[in-house]
Structures are given as structure tokens and as C-alpha cells.
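Trainee: Here you go, sequence then predicted model.
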Amino acid sequence: MCFLKTLSCFLAPAVLIVLITSSSGAQPVPMALSADEPDSLSKARPVRYPIRGDANDDCVVNISDLLMVLSGDRKGDVTGDGVVDDTDSSLVLAVWGSSCGMRLLGDINGDGVVNVTDLLRLFRCWGTQEASCDIDGNGGVGGVDLNLLLANWGRTLGIRLIGDVDGTDVVNVNDFLGLLGEWGQSSSSADINQDGTVDEVDWRLLQANFGATSGADLVGDINGDSSVGQVDLDILIAVWGQHYPAADLNGDQRVNILDLNIVLGTWGNTAGRKLTGDINGDWIVDDVDHKTLLALFGSDSPTADLNGDGSVNSADLLLLLGNFGKTFGTTLVGDINGNCHVDGTDKALLLAAWGTDFPISDLNGDGTINIIDLNLLLANFGATCP
């Protein structure tokens with residue numbers, strides 16, 4: 001944490017110096033980020049954020065990735081443990097068929113933001129079975145995929161799990177580096193508060209949520225798809241015995257029987273039931289959830305099936321509309337991150353957005369994060385869910 005605090009202390013000056021180690025293991029290379037030249041670092045880093053198991057970086061996990069692993073190609077080290085082995089092939093099989101557009105609904109090209117580039121790509125795939133464009137995973141590219149993309153227009157990886165800029169389901173130092181690389185950009189994965197620019201507010205929000213994982217945000221949701229189910233179990237089994245942070249649900253540095261019990265104990269839970277109507281799990285029930293539910297209307301999507309009757313229908317829509325505008329922080333006053341405990345993390349998330357209109361931290365709903373919100377949080381500090 002000393003390293004992180006050091007970086008944050010030097011955020012205000014015009015030039016930031018960071019060390020980025022290349023994947024080849026070469027010596028760190030000093031790079032400068034100038035406040036007057038926001039693109040100086042972004043030009044030196046890749047635009048796409050790979051999904052788990054995607055060895056060839058084409059935004060879909062399929063036979064090509066498995067063959068890379070089986071051939072021993074160094075890119076087949078999808079677990080990132082330094083070796084290509086059975087664990088990698090097991091992980092590929094566990095997430096088989098997943099795509100960038102499923103990780104962040106609509107982000108077909110995997111650059112961490114849903115925008116016109118994804119829309120154009122979807123139109124080129126229209127009527128085909130192109131897996132990378134098949135957002136709802138029904139085997140074809142059509143109207144539902146278009147509606148899901150439009151429903152999530154402008155969303156970023158950084159808001160999907162607050163601070164998870166690179167979409168690995170863990171908020172860590174790589175996300176800080178990713179944010180620095182996109183500093184000042186207007187359409188970016190690192191625009192956590194979605195105000196149109198990557199800036200100090202995004203930095204502070206990332207810092208406040210440092211160490212968070214999808215599996216802790218919605219307990220058991222290892223792959224961050226806002227539901228606990230078979231894919232989460234398959235990933236956990238694939239990395240059994242390893243130090244794999246996203247699947248280490250109890251934080252004991254190993255994926256083991258304790259983590260398995262957590263997944264089984266939360267089986268079937270969804271973000272939309274944890275906070276009724278919050279289909280995408282971003283801690284607020286809003287228009288994105290509304291549009292996503294309408295896009296999935298009539299399907300059996302578990303994330304949008306708020307009452308668990310097996311179908312997305314008018315009953316689910318009424319539940320969502322009845323809770324529209326609600327956040328975790330207003331359900332249990334001050335519990336901004338929804339972990340059923342008003343604590344230091346919630347305070348940090350509030351202070352990170354100070355003076356902005358970030359709705360997740362706006363406890364009284366007046367459109368500004370200010371002393372009133374802070375007083376509400378402090379008055380309820382230490383409170384837990386009933």
C-alpha cells in the first residue's frame with residue numbers, strides 16, 4: 001500500500017513517473033504522464049482488455065484458445081502462473097463460449113467501453129453466428145444483442161466493478177496503471193464515474209475500492225456476470241489449489257474447499273435480487289437496468305429474472321420500477337458498496353466522489369456528494385443489515 005499511497009501523493013503535479021514491467025520480464029521502463037499530454041502513456045499500451053481464458057485475444061473463448069494451450073504456446077498461460085499446463089486447459093473449458101461482449105454487455109471489441117465501435121461491429125455480424133457479437137449467447141446475432149448493446153451504451157469496465165479497469169474481476173495495481181494509461185481520455189474503460197473524463201475522481205474511487213473482487217461484491221460470483229452458477233463453480237474447480245485471487249473468496253491465498261462451500265452456499269444468487277432491480281450489479285437501480293430487463297423480456301435470463309420464477313416478465317419489471325433509483329447506500333444508510341456493513345470503505349467511496357453527482361455515493365439524493373451525505377454515513381457508521 002505504500003507504493004499506492006506514494007502514487008496518489010504525486011497525482012497533483014504535472015508529471016507522473018511510473019514503472020511498467022514488460023511481459024517479457026525485461027527491466028522496468030520509466031514512462032512519464034504529463035497533465036498537458038494525456039495521450040503520452042496510452043499510446044504505449046494495448047487498447048483491448050482480454051477476457052479470462054482468451055489465449056489468442058480475439059474476444060471469445062473457443063477451440064483456438066484450447067489448441068494454443070495444448071500446443072504449449074506461452075500465450076496459453078491463461079491463469080498467469082508462469083506455466084502452461086492442465087490448469088490452463090481446465091480454465092479455458094470452464095469459461096468456454098464467453099466473450100468480451102458478455103463480460104461487459106455490449107463491449108464487443110473488448111476495449112472496456114460500450115460505444116459506436118461496438119455498434120458498427122455488431123451490424124457487420126448481423127444475422128451471423130459470430131460468437132464475439134452474440135451478446136446474449138443464443139447462437140445468433142440479432143435484435144436482442146442490439147437492444148442489450150444500446151441498453152448499456154457508454155458503460156465501462158471501471159463501473160462494472162468499481163475500479164476494475166482491466167476487467168479481471170479484481171481491483172489491483174494493474175488497474176492503477178490502466179487508469180494512468182487512459183488519463184484524460186473521454187471514452188475509456190477507466191472512466192469509473194462515467195462523467196466523460198478519466199481524472200482524479202476515478203483515481204480516488206479506484207483507490208477506495210482497492211482489493212475488491214467480483215466474488216466478494218456478489219458473494220460467489222467469480223466471473224462477474226452478476227449471478228452465481230455453473231461457470232463460477234467450473235472456474236473454481238479449474239484453479240483448485242492455486243493462488244487465484246478472483247476465486248479465492250475467503251482471502252486465505254488458496255482456492256479450496258472453503259471457497260467451494262461459499263459458491264454452493266450462494267448458488268443462484270444474483271445482483272438483481274441482492275439489490276432488487278440492480279441487474280448489472282453496479283450498486284444502483286437505474287435506466288441501464290430497466291433497458292436491460294426490457295431487452296431480455298420473455299427470456300429465462302437468471303440475472304433479469306428478479307423474482308426467480310424462470311421467466312423475465314411483467315412481474316420482474318414491476319419489481320424493478322418499484323425500486324427504481326435505490327442504491328445500497330440508501331437501503332442501509334451509508335452502506336455504499338452493499339456488504340451489509342457501514343465501514344471505512346464506504347466512507348472512502350463517499351469522499352472519493354466528494355463534490356460530484358456520483359449517484360452511488362449520494363445518500364440523500366440531492367445530486368451532490370457533500371457534508372450532508374457524510375453526516376448520514378457517520379451517524380450510521382458500524383451499522384449492519386438486520
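Mentor: Looks like it arrived, so ask away.
Trainee: List the buried residues in stretch 326-346.
Mentor: Neighbour counts over stretch 326-346 (16 or more other CB atoms under 10 Å) mark 326-330, 332-339, 341-343, 345-346 as buried. Where C-beta positions appear, they are placed from N, C-alpha and C, glycine not excepted.
Trainee: now, which of these lie within strands?
Mentor: Judged by DSSP state E, strands contain none of the buried residues of stretch 326-346.
Trainee: Tell me which helix or strand Asn261 sits in.
Mentor: Element membership of Asn261 [criterion: DSSP states H and E] is helix 257-265.
Trainee: Report the contact partners of the nearest residue to Leu161 once chain neighbours are set aside.
Mentor: Nearest residue to Leu161, sequence neighbours excluded (CB to CB, 6 or more residues apart in numbering): Ser214, at 5.5 Å. Shown in contact with Ser214 (CB atoms under 8 Å, 6 or more residues apart in numbering): 161, 164, 169-170, 221-224, 246.
Trainee: Let's have these in a markdown table, adding secondary structure, distance to Phe210 and pLDDT.
Mentor: Below are those laid out as a markdown table (DSSP: H, G, I helix; E, B strand; the rest coil; distance: CB to CB, whole Å; pLDDT from 0 to 100):
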| residue | secondary structure | distance to Phe210 | pLDDT |
| --- | --- | --- | --- |
| Leu161 | coil | 12 | 95 |
| Asp164 | coil | 11 | 97 |
| Asp169 | coil | 14 | 95 |
| Val170 | strand | 10 | 95 |
| Asp221 | coil | 19 | 97 |
| Ile222 | coil | 19 | 96 |
| Asn223 | coil | 21 | 94 |
| Gly224 | coil | 17 | 94 |
| Ala246 | helix | 15 | 93 |
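Trainee: out of those residues, which are buried?
Mentor: Buried by 16+ other CB under 10 Å: 161, 164, 169-170, 221-224, 246, out of those.
Trainee: could I get the residues you listed as JSON lines with distance to Trp203?
Mentor: Shown next, in JSON lines, are the buried ones among the contacts of Ser214 (distance: CB to CB, whole Å):
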{"residue": "Leu161", "distance to Trp203": "16"}
{"residue": "Asp164", "distance to Trp203": "14"}
{"residue": "Asp169", "distance to Trp203": "20"}
{"residue": "Val170", "distance to Trp203": "18"}
{"residue": "Asp221", "distance to Trp203": "26"}
{"residue": "Ile222", "distance to Trp203": "27"}
{"residue": "Asn223", "distance to Trp203": "26"}
{"residue": "Gly224", "distance to Trp203": "22"}
{"residue": "Ala246", "distance to Trp203": "23"}
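Trainee: How about residues contacting stretch 215-233?
Mentor: Contact partners of stretch 215-233, identified using CB under 8 Å, 6+ apart, comprise 52, 94-95, 98, 102-103, 160-161, 164, 167, 169, 214, 235-236, 246-249, 260, 262-272, 274, 279-281, 302-303, 337-339.
Trainee: how about 6 Å then?
Mentor: With contacts defined as CB atoms under 6 Å, 6 or more residues apart in numbering, stretch 215-233 is touched by 161, 169, 214, 235, 246-247, 249, 262-263, 266-267, 269-271, 281, 302-303.
Trainee: same deal with stretch 155-171?
Mentor: In contact with stretch 155-171 (CB under 6 Å, 6+ apart) are residues 49, 103-104, 112-114, 174-175, 178-179, 189-192, 194, 205-206, 209-210, 212-214, 217, 224, 245-246, 282.
Trainee: Among the residues you listed, which lie within helices?
Mentor: Taking DSSP state H as the definition of helices, the contacts of stretch 155-171 contribute 103, 174-175, 178-179, 205-206, 214, 217.
Trainee: from those, which would you call buried?
Mentor: 103, 175, 178-179, 205-206, 214, 217.
Trainee: Just flag the most distant two among those residues.
Mentor: Using CB to CB, these span at most 19.9 Å, a distance reached by Arg103 and Leu205.
Trainee: any idea how this structure splits into domains?
Mentor: If you go by automatic domain parsing, the domain ranges for the chain are 2-40, 214-265, 271-322, 328-379.
Trainee: Minimum distance to Ala151: which of those has it?
Mentor: Short answer: domain 271-322, nearest of the domains of the chain by CB to CB, at 3.4 Å.
Trainee: For the closest one, the averaged confidence score.
Mentor: Averaging pLDDT along domain 271-322 gives 96.
Trainee: Stretch 112-125 now?
Mentor: In this model, stretch 112-125 has a mean pLDDT of 96.
Trainee: do the same with stretch 331-344
Mentor: For stretch 331-344, the per-residue pLDDT averages 96.
Trainee: then that stretch to CSV, C-alphas only?
Mentor: Taking C-alpha atoms only, stretch 331-344 is exported to CSV below (Å, rounded to 0.1, in the frame of the first residue of the first chain):
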residue,chain,number,x,y,z
THR,A,331,-31.2,0.8,1.6
LEU,A,332,-28.8,0.6,4.6
VAL,A,333,-27.9,4.2,5.0
GLY,A,334,-24.2,4.6,4.3
ASP,A,335,-23.5,1.1,3.0
ILE,A,336,-22.4,2.3,-0.4
ASN,A,337,-20.7,-1.0,-1.5
GLY,A,338,-23.6,-3.2,-0.3
ASN,A,339,-21.5,-5.5,2.0
CYS,A,340,-24.1,-5.0,4.9
HIS,A,341,-21.6,-3.1,7.0
VAL,A,342,-21.2,0.7,7.1
ASP,A,343,-17.4,1.0,7.4
GLY,A,344,-14.2,2.7,6.3
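Trainee: ok, and what's touching it?
Mentor: 283, 328-329, 345-346, 349, 361, 376-377, 380-381, 383-385.
Trainee: Could you do stretch 48-62 as well?
Mentor: 64-65, 68, 75-76, 78, 91-92, 95-96, 98-100, 103, 110-112, 131-132, 166-167.
Trainee: From those, list the buried ones, please.
Mentor: Buried among the contacts of stretch 48-62 by 16+ other CB under 10 Å: 65, 68, 75-76, 78, 91-92, 95-96, 98-100, 103, 110-112, 131-132, 166-167.
Trainee: was I right about Trp283 contacting Lys326?
Mentor: No: using CB atoms under 6 Å as the test, Trp283 is too far from Lys326 to be in contact (9.8 Å).
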